[in-house]
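predicted model and sequence below, questions to follow.
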Amino acid sequence: MSTQSQAAQTLAWNMKLVAQHELSGFGGMGEGTNMQKTKDGRRIFWMAHESAPKNFTGVDVTDPHNPKMVVQTDLPHGDVRSNSLDVVGDLMAVAYQTKKWGLKPAGFDLFDISTPEKPRLIAHFDASGPSSRGAHCVWFVDGEYVHMSCGAPDFTPTHEKDDQFYRIIDVRNPSKPTEVGRWWYPGTRKGDAEPPPPRHPKFDGGYRPHNTNVYPGRPNRAYVAYIDGGAWILDISDKAHPKAVGHLQYSPPYNGFTHTVMPLLSRDLLIVSDECVKDNGIDWPKLTWVVDARNESNLVPIATLPLPPVETFSKRGGRFGSHNLHENYPGPCAWRSDTIVLGTFFNGGVRAFDTSNPYQPKEVAYFVPGAPKMSRAGAIQLNDVFVDDRGLVFTVDRFAGGLYILEMSL
Amino acid sequence: MLGTLTARDPLAGRIPVSVVTGFLGSGKTTLINRLLKRPDMNRVAVIVNELGEVGIDNDLVEVSSEQMMLLNNGCLCCVLRGDLEETMRDLFIKRRNGEIIDFDRVVIETTGLADPAPVMQTLMTDTMLEDQYRLDCVVTLVDAVNGLGQIATLPEPVKQAALADRLVITKSDLADAAKLEELEAKLRELNPPAPIRRALNGEIELAFLVDVGLRNVKGKLEDIARWLGADERESERGDHDEPAHGHRHDTAITSFCLRFERPFSWAVFTQCMDVLTALRGPDLLRVKGLVNVESRAGPMVVQGVQHLFHPPVELAAWPSEDRSSRIVFITRGIGRSEVANLFAAIGAVQGQAKG
């Protein structure tokens, strides 16, 4: 009998499909997802789209068996993408990154989403400039500061790929977002005393941050994944002057693109994910690392999350490897665990791991949807995951499949 | 600090495994053949001794090789290769890779001469398998015509019956009512907790063969009663300290339930079981119980086959007001009083040591 892995086949273990929503045919979703609990008791799941023409979509998931789209918005033109958003209460921050330097909108918008059907623009933070594409990723969980990977009009990079850096924006007055601090990889800005960092010899992904996570449980730390620059821990007790206190660089010999640094605060561990950015296993291995962070200045990788064989999955179509994690978001709607870690792995689907023994993480659940209709990868490309406080898993496809809602039995 | 710390339920999420056993000619192949054709067998992997013997009509088979066949109801049938661990690990790896259906239940057919104990021990204690699988149920088939004779003369059928969670009398159309009743009485004597069902031509509903084991640590009263035994072994009626028929001898199968009102210290309980398994492991056919351990919120679930025990699991809460420890024993020639006395003696000595 045939033992080829079939991309059309759904693979599931301890996760069951509750519902899928194709989002009116615009099911190519980015890596910004979060859930709002409205004042009238509904749960709205917000998602940024991977690329134009759509900006963001809100789906009422109060009844997970019957998700209802409540709003879907358009971008002003085709050379900008939103990709990332975050929600606190009735405030939503949406990132804008343009394809080329100098275009607008580049930066982020703040919306009042108290009426989810009618998001109301409160302010736009303009980060456009001669060497800026704006914001790739925003982190907004406390209602006070937006932490982001973004360019700036006054920032001229030493290399064109290093055009974004870590910026902290005070939005306590939401109508007047103001920068309060910034940090960049030494040598990536013209005029730096340090020399520009060496390019990755095989896959030059650039030196710019991807995720910039700050948790209320440890407000004086920013956990910054710096693509080819590895994982950083910054001391932000003084937001005006972030200071590097920890750094882990494992590329080369690994293939770069550090994507997320998520602390498991009660256990002094970090979960560090890479992003796979090439199809068919070309940039394998793209891993998710378990890092001992007892000593911030000496971060030690101790394990990686076990993935199914690349020999099999690299042939299923599109990308296969690590990407986004469920980031233990603060807030009323998120599930949080310091032992169970969930991530998306493109055609490897969404997978859950038990890290109780950090030296030997174990896979405990997975869901790999069959190839969505019209997907140009010919396979599922799960891009991001959010787990809500009901234990429901919300995961999105990068190209076509839209939103999948799953029940997890752990 | 993060708000919620969520850990994995040690019972949930394992793929349940049913073991189908029974002596030569008891109708295992017929039962498996019938099962494989049922529409509700969707996403079940069946491990058999030989594919050829199963004799599935070609029009039901989608694809097949020497090792495996995929049926059009979505169920998979594969041959036991090498040892059981290897076959089951290989199945899970193929499942994870999308090379076969993602089955959510496994049925294993043992050979007729097999002692089911090692299969059960493998499923309960193999640390490589326990991440993915859990023993759900042991189903023993007994031939209505020859069953009594086999039980009277051979050791294997006795042990197969004694270890079962479910008993199925096959070929019941070929035996008269009196013989069937005699066989049922014998089976009830060997294994009082196990429900008995009669089957014709292997026709039996899947529901009778599955969902016996505990599925999560938040087990409800009926789940626990179902796992521990039909009537939770409350009444003395079910206890067979003295075999009902014939004379007592050392090889007689005995079943009883011990109850303890006072909580155990975990050390005392494990010492009792250690002594028991050290002295009489091979005769301790099956042990299942809920144990009230001091300062624990829920009962500890213990289960063992002969000298090997599943790692203990603590349930989230007691399923009812009854907080007494309940332990069901199926033994070969170890009486209720001997086990009760051993527990009393060790408990007393330990109690003194504590002062």
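All right, it came through fine.

the residue lying closest to A:Gly402 once chain neighbours are set aside: what's it in contact with?
Here the nearest residue to A:Gly402 in space, its sequence neighbours aside, is A:Gly27; by Cβ to Cβ, 6 or more residues apart in numbering or on different chains that works out to 3.1 Å. (Glycine included, C-beta is placed from N, CA and C.) Going by Cβ atoms under 8 Å, 6 or more residues apart in numbering or on different chains, A:Gly27 touches A:372, A:397, A:399-403.

and the residues you listed, which is closest to chain B?
Nearest to chain B among the contacts of A:Gly27, counting by Cβ to the nearest Cβ, is A:Pro372 at 15.6 Å.

leaving out sequence neighbours, find the closest residue to the closest one.
Using Cβ to Cβ, 6+ apart and skipping residues adjacent in sequence, the residue nearest A:Pro372 is A:Gly401, 3.3 Å away.

which SSE is A:Phe56 in?
Taking DSSP states H and E as the definition, one finds A:Phe56 inside strand A:54-60.

that older thread, narrow the contacts of A:Gly27 to those in strands?
Applying DSSP state E to the contacts of A:Gly27, the entries found in strands are A:397, A:403.

now tabulate the contacts of A:Gly27 in CSV and tack on pLDDT, distance to B:Ala45 and neighbour count.
Converted to CSV, the contacts of A:Gly27 look like this (pLDDT from 0 to 100; distance: Cβ to Cβ, whole Å; neighbours: other Cβ atoms under 10 Å in any protein chain shown):
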residue, pLDDT, distance to B:Ala45, neighbour count
A:Pro372, 96, 27, 22
A:Asp397, 98, 29, 29
A:Phe399, 96, 32, 22
A:Ala400, 96, 31, 21
A:Gly401, 97, 28, 27
A:Gly402, 98, 31, 23
A:Leu403, 98, 31, 23
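
just give me the neighbour total for A:Lys121.
Wrong residue type there; residue A:121 is Leu, not Lys. Each residue near A:Leu121 was counted by other Cβ atoms under 10 Å in any protein chain shown, and the total is 10.

bridging residues for it?
Here A:Leu121 sits in beta bridges with A:Phe111, going by DSSP bridges.

that one and B:Phe343, how far apart?
Look at A:Leu121 and B:Phe343: by Cβ to Cβ, to the nearest Å, they are 73 Å apart.

please apply the same query to B:Val63.
Distance check for B:Val63 against B:Phe343: by Cβ to Cβ, it reads 55 Å.

get me the contact residues on the stretch 251-400 of chain A for chain B.
If contacts are counted using Cβ under 8 Å from any Cβ of the partner chain, the residues of the stretch 251-400 of chain A sitting beside chain B are A:265-266, A:308-309, A:312-313, A:316, A:328, A:330, A:335-340, A:354, A:356, A:362, A:364-366, A:368, A:389.

again, 6 Å this time
For the stretch 251-400 of chain A, the residues found near chain B under the criterion Cβ under 6 Å from any Cβ of the partner chain are A:308, A:312, A:328, A:336-340, A:354, A:362, A:364.

beyond the strand holding A:Phe56, next helix or strand please.
As assigned by DSSP H and E, the chain's next helix or strand after strand A:54-60 is strand A:68-74.

the single nearest residue of the stretch 251-400 of chain A relative to chain B: neighbour count?
With Cβ to the nearest Cβ as the measure, A:Ser337 is the residue of the stretch 251-400 of chain A nearest to chain B, at 3.9 Å. When neighbours are defined as other Cβ under 10 Å, A:Ser337 has 21 of them.

in stretch A:127-145, what counts as buried?
By neighbour count with 16 or more other Cβ atoms under 10 Å in any protein chain shown, stretch A:127-145 contains the buried residues A:127-129, A:131-142, A:145.

narrow the residues you listed to those in strands?
A:135-139, A:145.

residues contacting whatever residue of the stretch 251-355 of chain B ends up closest to chain A?
Here the stretch 251-355 of chain B gets closest to chain A at one residue, B:Ala316, 13.4 Å apart by Cβ to the nearest Cβ. With contact taken as Cβ atoms under 6 Å, 6 or more residues apart in numbering or on different chains, B:Ala316 is in contact with B:217-218, B:298.

show the buried residues in these.
With neighbours counted by 16+ other Cβ under 10 Å, those contain buried members at B:217, B:298.

could you dump the contacts of B:Ala316 to a markdown table with distance to A:Thr115 and pLDDT?
Formatted as a markdown table, the contacts of B:Ala316 follow (distance: Cβ to Cβ, whole Å; pLDDT from 0 to 100):
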| residue | distance to A:Thr115 | pLDDT |
| --- | --- | --- |
| B:Val217 | 42 | 86 |
| B:Lys218 | 39 | 84 |
| B:Gly298 | 45 | 92 |
